[in-house]
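**Q** Have a look at this fold, sequence not included:
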């Protein structure tokens, strides 16, 4: 089956009505993309934020009457005044194969590689992590995940208990296990993430008694040697006292999910409990890592 698509740039106030209109006229799918590289950070509970300017793309079967369909859509009151659009062909291809071809084995440091299951494992991959794109966030393609994996690749995790807080796909916990960690705790408030983590742990040979996969909260008296938290700035700000409580003195802290401009606030927030705080950056994203100090601060 071949397809055609209709693209139009609109502002955020026009997007919802136009989305509904296109679906009424037989669109198979409508996608919204940022038209101006405007970041949207940390929406509040229940919010569905949109960019100010949006490129809206509607996909149609190729056998529709293009002129008649476009004329009817443009005649509707939901069509933005002065907007221009035209149908264009979408190249026919094997969509499954095209999607799979996007994902190649990727190195992170000197040992660790993330490899999709349908690709051969490279000979230089000393520690291959088998992970396929799925429902839960985290396959190594995003800068924040990359920064955490590179830290793990260079760390001495032998015998350590590692907490992956907000585990998503489980990529960080599983990587830590394959790099020598003795005990893993993977925590997430999304049950789907826990399912993904469990499946990925099994695929990578992580024993069931090595990894504890759970919903929050952490058990009373929980302590660990390493905390990995690749989430968002506001949760990380709120979690600082908890992380200071559960991380053993001298333990390693790794925070990501942060934009560069958020570094100063997070550094100040964690300063009372953590020493040797350092910032590493990839593209617009950063990682903060440091050590739990030996002073109790209330």
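**A** Cool, the structure landed. Nothing here was measured: the structure is a model prediction, and the numbers come from that model.
**Q** can you list the domain ranges for this protein.
**A** 3-92, 136-292 (automatic domain parsing).
**Q** Now do the residue nearest to residue 29 when sequence neighbours are not counted against residue 119, distance only.
**A** Leaving aside its chain neighbours, residue 29 sits nearest to residue 59 (4.7 Å; criterion: C-beta to C-beta, 6 or more residues apart in numbering). Using the backbone N, CA and C atoms, a C-beta is placed for each residue, glycine as well. To residue 119, residue 59 is 28 Å away according to C-beta to C-beta, to the nearest Å.
**Q** Please apply the same query to residue 21.
**A** Distance from residue 21 to residue 119, by C-beta to C-beta: 42 Å.
**Q** neighbour-wise, which of the two wins?
**A** residue 21 (18 against 14; other C-beta atoms under 10 Å).
**Q** Which residue is the nearest non-sequential neighbour of that one?
**A** According to C-beta to C-beta, 6+ apart, the nearest residue to residue 21 is residue 78 (4.4 Å).
**Q** what's the answer for residue 178, then?
**A** residue 127 (5.2 Å).
**Q** check contacts around residue 198.
**A** 170, 213 (C-beta atoms under 8 Å, 6 or more residues apart in numbering).
**Q** Where does it sit: helix, strand or coil?
**A** Residue 198 falls in the helix class when you classify it by DSSP: H, G, I helix; E, B strand; the rest coil.
**Q** how far away is it from residue 113?
**A** 22 Å.
**Q** Check which element follows the host helix or strand of residue 244 along the chain.
**A** Assigned by DSSP states H and E, residue 244 belongs to helix 233-246. Next along the chain after helix 233-246, taking DSSP H and E as the criterion, comes strand 247-259.
**Q** any idea which helix or strand comes after the host helix or strand of residue 195?
**A** Residue 195 is part of helix 191-203 when elements are defined by DSSP H and E. The first helix or strand that comes after helix 191-203 along the chain, using DSSP H and E, is strand 211-214.
**Q** could you say what helices and strands that next one packs with?
**A** helix 171-178, strand 183-187, helix 191-203 (3 or more C-beta pairs under 8 Å, 6 or more residues apart in numbering; DSSP states H and E).
**Q** Can you name the residues in contact with that strand?
**A** Contacts for strand 211-214 (C-beta under 8 Å, 6+ apart): 167, 170, 173-174, 177, 183-187, 194, 197-198, 201.
**Q** Widest-spaced pair of the residues you listed?
**A** Greatest spacing in those, by C-beta to C-beta: 183 and 194 (17.4 Å).
**Q** So for those two, which residue has more residues nearby?
**A** Legend: neighbour count by other C-beta under 10 Å for residue 183 and residue 194, higher for residue 194 (20 against 17).
**Q** just to revisit the earlier point, the residue nearest to residue 29 in helix, strand or coil?
**A** Under three-state DSSP, residue 59 comes out as strand.
**Q** Now for it, how many residues are close by?
**A** Neighbours around residue 59, by other C-beta under 10 Å: 15.
**Q** wait, it sits on residue 22?
**A** No. Counting by C-beta atoms under 8 Å, residue 59 does not reach residue 22; the two are 9.4 Å apart.
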